[in-house]
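In: Fold the following, please.
(2 chains)
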Amino acid sequence: GAGVSQSPRYKVAKRGQDVALRCDPISGHVSLFWYQQALGQGPEFLTYFQNEAQLDKSGLPSDRFFAERPEGSVSTLKIQRTQQEDSAVYLCASSLDRVAGNTIYFGEGSWLTVV
Amino acid sequence: KQEVTQIPAALSVPEGENLVLNCSFTDSAIYNLQWFRQDPGKGLTSLLLIQSSQREQTSGRLNASLDKSSGRSTLYIAASQPGDSATYLCAVRPLISSGSARQLTFGSGTQLTVLP
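Out: Numbering: from 1, shown residues only, chains lettered A, B, ... in the order given. Reported below is the predicted structural model:
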């Protein structure tokens, strides 16, 4: 597709349930980012991939959060044993290459509500 | 740690007005600064990207300026329209360091409403 695609767009999970959020970056984009956006706040960094390598996971809030990009394209963000504080929009973004100067493109997000 | 602040948090103006949104950041060692627009229930759309060596960028009715030394950027919107109503976010990207450190640090945004 022409843009960053995320699925599911909306997810309601019961507390304690595991969820998996998928991101399809723009074809050929080397860099992939995951961000978490709470209501009324700006996005906050979770993790960064360069191709299949996860170079930075310093923003992951706990060991319940796990991300992978095994073939350097599609990425999955997994949240285990979801808690109410995990309710947020999870945004995926990609950029063309590892040069920081390139514009970063965002998907429309996966809206997670934990009840 | 980089902190990005946007003032005001919300702004309401009548159609046709020119307006300025403000963004400030605490660490001037940035690689670039990017302004985004976010519509309700949507992701972020990039509006303007300013490299650290640049002073401003223009796209249509939008003009963004950057004063790196003072840690400030402004987004100027000329002749505002109801369709401009959205949340505007600024984000800074740090200079590349020994870590990957490529992530954007965002402000909380300015929610703009342009009244017809």
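In: Now for residue B:43: which residues touch it?
Out: If you count contacts by CB atoms under 8 Å, 6 or more residues apart in numbering or on different chains, residue B:43 has them with A:4, A:6, A:91, A:106-109. Every residue, glycine included, has its C-beta placed from N, CA and C.
In: Now it. Its backbone dihedrals?
Out: phi -80, psi -160 (degrees, to the nearest 10).
In: ok, now how distant is it from residue B:29?
Out: From residue B:43 across to residue B:29, the span is 28 Å (CB to CB, to the nearest Å).
In: any idea of the pLDDT on the residue of chain A found nearest chain B?
Out: Relative to chain B, the nearest point of chain A is residue A:42 (3.2 Å; CB to the nearest CB). With respect to pLDDT, residue A:42 scores 93.
In: Now residue A:108: closest residue in space, sequence neighbours ignored.
Out: residue B:43 (4.0 Å; CB to CB, 6 or more residues apart in numbering or on different chains).
In: nearest spatial neighbour of residue A:57, skipping sequence neighbours?
Out: Per CB to CB, 6+ apart, closest to residue A:57 is residue A:47, 4.4 Å.
In: got the contact list for the residue positioned nearest the centre of chain A?
Out: What sits nearest the mean C-alpha location of chain A, by CA atoms, centre = their mean, is residue A:34, with 3.2 Å. By CB under 8 Å, 6+ apart, the contact list for residue A:34 reads A:23, A:45-48, A:67, A:75, A:77, A:90-93.
In: Please apply the same query to residue B:104.
Out: Here residue B:104 is in contact with A:33, A:43, A:45, A:104, B:34, B:91-93 (criterion: CB under 8 Å, 6+ apart).
In: any idea how far stretch A:2-16 is from the chain center?
Out: 10 Å (CA atoms, centre = their mean, to the nearest Å).
In: contacts for it?
Out: With CB under 8 Å, 6+ apart as the test, stretch A:2-16 has contacts from A:19, A:21-26, A:81-84, A:90-94, A:105-115, B:43.
In: if we can go back for a sec, sort out for me which of the contacts of residue B:104 are in strands.
Out: Among those, DSSP state E puts A:33, A:45, B:34, B:91-93 in strands.
In: Could I get those residues in a markdown table, plus columns for pLDDT, distance to residue B:85 and neighbour count?
Out: Formatted as a markdown table, those follow (pLDDT from 0 to 100; distance: CB to CB, whole Å; neighbours: other CB atoms under 10 Å in any protein chain shown):
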| residue | pLDDT | distance to residue B:85 | neighbour count |
| --- | --- | --- | --- |
| A:33 | 93 | 27 | 25 |
| A:45 | 92 | 27 | 20 |
| B:34 | 94 | 20 | 22 |
| B:91 | 95 | 20 | 25 |
| B:92 | 93 | 25 | 28 |
| B:93 | 88 | 27 | 22 |
